[in-house]
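[1] Need coordinates for the following:
(2 chains)
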Amino acid sequence: MTRLLRQSITLSAANIKSLHRRAWISMSMILSVALVVVVLLGFLSMANGFRKTLDATGAEDVVMITSRGSFGEAMSRLTTNQTHQIEEGPGLLRSASGDPVLSAELLVPVDALTMADGQTATLSLRGVGPNAMALRENLTIVAGKMFTAGSGEIIVGQRLSTKYRNMQIGDTITFGRSEWTVVGHFRANGSVFESEMMADRGVVQTLFERQNEVQSIRAQLAGVSDFEVFRAYVEDELDMGLSARTEKEYFAAQATNVSRIIVFLGWPLALVMAIGAAVGAMTTMYSSVSDRLTEIATVRAIGFSRTAAFIGTLFEAIVLTLIGCVIGVAIAKFGLEGFSASTRGGANTQLAFQLMLSVPIVVQATVLALFVGLVGGGLPAYRATRVPLRSAMTGRS
Amino acid sequence: MTISNNSTIELRGVSKSYQRGKSKVPIFDELTMTIEDGDFVAIMGPSGSGKSTILNLIGGIDTIDAGAISVGGTVLGNMNESALTRWRSNHVGFVFQFYNLMPMLSAAENVELPLLLTSLSRSERKKRVETILEIVGLTERARHLPSELSGGQQQRVGIARAVAADPQILLCDEPTGDLDRKSANEILELLQLLNTKLNKTIIMVTHDESSTAYAKRTLFLDKGRFIQQEMNQCA
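    Modelled structure (predicted):
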């Protein structure tokens, strides 16, 4: 072991052993770092959870057709003529009778009351065709039954059933002038569909006075490789201002946009807080150097190097930072992860998702915490190397 | 610059002043003195006379404005910071008025500190620490923290730490200033033992006139000049 390493280890260990003398100020540094980590992890896990929710939604062999230029289904409008042309497209899976397996769908924003405080929230009611279930392999009825075509029955995403009123099986729920009976709860592998309600498209069109209106078409491809042929048909051959994307592409694009907004909001806030924490860390570490002034001067007088004094102080800052980081990650893990959040989805409706941590975002938070430790500890560590050695002669340790 | 190799410590025409606000306060002006190898010198003088500054200068923890200080032929002013730090660890041991022990380290760990700067192995360091603690009579207290020791015991640990790396020079700044009479005498006897048996060169700054009896000679400093020297026959 080199002499410098021995000196550095000795001083680092001595600093850590003397932390109890600076317990409160060290604690404040730990907590401020923990706060920064929690805030950053909160935003990142929100973006991550949102992305994961949308990632879990799309299939590669299901193609989604909307109006070109529309960001989501809400802005899209498909005419009856367009629908007929799409049904004739190549590469679609067809039943024995030759009909394509597709579902023309309509998304209607409706108001529901939250279970907790009775506040009004806007949700999505999706009117779907008979193939809707076949096009959503992950969608399973977990309680009750599927709605009956042509009836005023409705099925509700499991997430909604726990958060909103009148969504238990057998309940009657009113949207505007329409009245619906809840007949089933469904799960959809954590996808966005769990934030929706589904009913027969024809009934939805009638009750909401949107006859013949369709916003999107989901169609089952014969195979993943058939997508290009179908896309070329819809976008180039038909040339009717339509866009065809695989369901996975569609939701990935939506996820990227929204999660980018969350991350863009989260990082600046976390950085501003990190700068504040770094200033706090600097105060803590200056106080540490001041507290150990005589000790530092004494070991320097004995012959310990400036570098060892620097490393010893920086090590203390890094240790405090890492403790704060671990606490922050633990709070995020046990306090935030799994927490249900919601954001505006298509048609200004609620889209529920869960906050999810991941190794990459924990690494990002740790890097930010280390940044706080290095910035906050760097200057005080330099100060430790400049302690006047005469202090050893005059000070009490 | 080499002045002489005949004596251990030589100060030649040393000037030193400190900046206080906008004015410069002179401490020494062309101070000259020689301390032979194996000498035990007590330095007395009123507060502010520059006693501690002499120790700082000889120990290389402060710098002079003019003149030269040499120790065993090595001119301190010619060394850069890191060379001076290495020189200090090899040649000088410090004994402080308030002991300056690391409060979180045991007596043995405090004594081991200067040995971390040597190439001794862990077992060699352990053996050396045991030997030194035995010399200062603290074998039984090796694992105790400074807070668990009396003032006299803490100062003995301080002396053990100062001599652990076997430096030739011991610089003692009021080593008994914080101790009762009995403990002070024990410390002074220990220093005397190190001087007579191990031939350590000891320079001791003190306010306590009775302490000077343990030294071979006493220098009286006032306003930056040695005004008197007394040889001690008993020492």
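[2] neighbours of A:Phe230, just the number please.
    21 (other Cβ atoms under 10 Å in any protein chain shown). C-betas here are computed from N, CA, C, even on glycine.
[3] any idea how far A:Ala134 is from it?
    18 Å (Cβ to Cβ, to the nearest Å).
[4] swap in A:Gly376?
    58 Å.
[5] A:Ala381 contacts A:Thr307, correct?
    No. Contact status for A:Ala381 versus A:Thr307: not in contact, 10.1 Å apart, counting by Cβ atoms under 8 Å.
[6] Quick check: pLDDT value at the residue of the stretch 101-250 of chain A found nearest chain B.
    Residue nearest to chain B within the stretch 101-250 of chain A: A:Gly190 (51.4 Å; Cβ to the nearest Cβ). A:Gly190 is assigned a predicted lDDT (pLDDT) of 71.
[7] Check whether it sits in a helix, strand or coil.
    coil (DSSP: H, G, I helix; E, B strand; the rest coil).
[8] who touches it in this structure?
    A:52-53, A:56, A:353-354 (Cβ atoms under 8 Å, 6 or more residues apart in numbering or on different chains).
[9] swap in A:Ser95?
    When the contact criterion is Cβ under 8 Å, 6+ apart, the partners of A:Ser95 are A:Val101.
[10] any idea how far it lies from chain B?
    A:Ser95 sits 80 Å away from chain B, going by Cβ to the nearest Cβ, to the nearest Å.
[11] What pLDDT is listed against that residue?
    Looking at A:Ser95, its pLDDT reads 86.
[12] host element of the residue nearest to A:Ser259 when sequence neighbours are not counted?
    Nearest residue to A:Ser259, sequence neighbours excluded (Cβ to Cβ, 6 or more residues apart in numbering or on different chains): A:Ala47, at 3.8 Å. A:Ala47 is part of helix A:23-55, with elements assigned from DSSP states H and E.
[13] Same check on A:Asn166?
    Judged by DSSP H and E, A:Asn166 forms part of no helix or strand.
[14] isn't it right up against A:Val182?
    Yes. Between A:Asn166 and A:Val182 there is a contact at 7.4 Å, judged by Cβ under 8 Å.
[15] chain center to the particular helix or strand that has A:Ala13 in it, what's the gap?
    Using DSSP H and E, A:Ala13 sits within helix A:3-17. Centre-to-centre, helix A:3-17 and its host chain are 42 Å apart (Cα atoms, centre = their mean, to the nearest Å).
[16] Equivalent analysis for stretch A:308-319, please.
    36 Å.
[17] check contacts around the residue nearest to A:Ser191 when sequence neighbours are not counted.
    In space, and not counting its chain neighbours, A:Ser191 is closest to A:Thr57: 3.7 Å by Cβ to Cβ, 6+ apart. Each residue near A:Thr57 by Cβ under 8 Å, 6+ apart is listed here: A:188, A:191-193, A:247, A:251.
[18] swap in A:Leu4?
    With contact taken as Cβ under 8 Å, 6+ apart, A:Leu4 is in contact with A:305, A:307-308.
[19] what residues are up against whatever residue of chain B ends up closest to chain A?
    The minimum distance from chain B to chain A, using Cβ to the nearest Cβ, falls at B:Ser89 (2.5 Å). Counting by Cβ under 8 Å, 6+ apart, B:Ser89 makes contact with A:302-303, B:114, B:117, B:165.
[20] Could I get the pLDDT score of A:Thr321?
    Looking at A:Thr321, its pLDDT is 93.
[21] Look up the closest residue to B:Met231, ignoring the ones flanking it.
    B:Arg217 (5.0 Å).
[22] thinking that neighbour is in contact with B:Asp39, fair?
    Yes. At 7.3 Å, B:Arg217 counts as touching B:Asp39 under the criterion of Cβ under 8 Å.
[23] how far away is the nearest residue to A:Gln354 once chain neighbours are set aside from A:Leu336?
    For A:Gln354, ignoring the flanking residues on the chain, the nearest one in space by Cβ to Cβ, 6+ apart is A:Gly49 at 5.0 Å. Per Cβ to Cβ, A:Gly49 is found 10 Å from A:Leu336.
[24] Compare those two (neighbour count), which wins?
    A:Gly49 (26 against 19).
[25] related to what we said a few turns ago, so for the helix or strand containing the residue of chain B closest to chain A, mean pLDDT?
    Taking DSSP H and E as the definition, B:Ser89 sits inside helix B:81-91. With pLDDT averaged residue by residue, helix B:81-91 scores 89.
[26] ok, back up a step: select only the buried ones of the contacts of A:Leu4 in ChimeraX?
    A single ChimeraX command selects the buried members of the contacts of A:Leu4 (16 or more other Cβ atoms under 10 Å in any protein chain shown):
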select /A:305,308
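[27] Could you let me know which of the contacts of A:Leu4 ends up closest to chain B?
    A:Ser305 (6.2 Å).
[28] and the spatially closest residue to A:Leu370 that is not a sequence neighbour, which of the three is it?
    Closest residue to A:Leu370 apart from its sequence neighbours, by Cβ to Cβ, 6+ apart: A:Thr321 at 6.3 Å. On the three-state scheme (three-state DSSP), A:Thr321 is labelled helix.
[29] Now do A:Thr321 against chain B, distance only.
    On the measure of Cβ to the nearest Cβ, A:Thr321 and chain B end up 21 Å apart.
[30] how many other residues sit next to that residue?
    Per other Cβ under 10 Å, the neighbour tally for A:Thr321 reads 31.
[31] show me the residues around it that make contact.
    A:29, A:33, A:281, A:369-370, A:372-373, A:376-377.
[32] out of the residues you listed, which are inside strands?
    Of the positions in the contacts of A:Thr321, not one sits in strands, assigned by DSSP state E.
[33] Columns neighbour count and pLDDT on top of the residues you listed, output as JSON lines?
    Putting the contacts of A:Thr321 into JSON lines (neighbours: other Cβ atoms under 10 Å in any protein chain shown; pLDDT from 0 to 100) gives the following:
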{"residue": "A:Met29", "neighbour count": "31", "pLDDT": "88"}
{"residue": "A:Val33", "neighbour count": "32", "pLDDT": "91"}
{"residue": "A:Ala281", "neighbour count": "28", "pLDDT": "86"}
{"residue": "A:Ala369", "neighbour count": "26", "pLDDT": "91"}
{"residue": "A:Leu370", "neighbour count": "16", "pLDDT": "91"}
{"residue": "A:Val372", "neighbour count": "30", "pLDDT": "89"}
{"residue": "A:Gly373", "neighbour count": "27", "pLDDT": "90"}
{"residue": "A:Gly376", "neighbour count": "29", "pLDDT": "89"}
{"residue": "A:Gly377", "neighbour count": "30", "pLDDT": "90"}
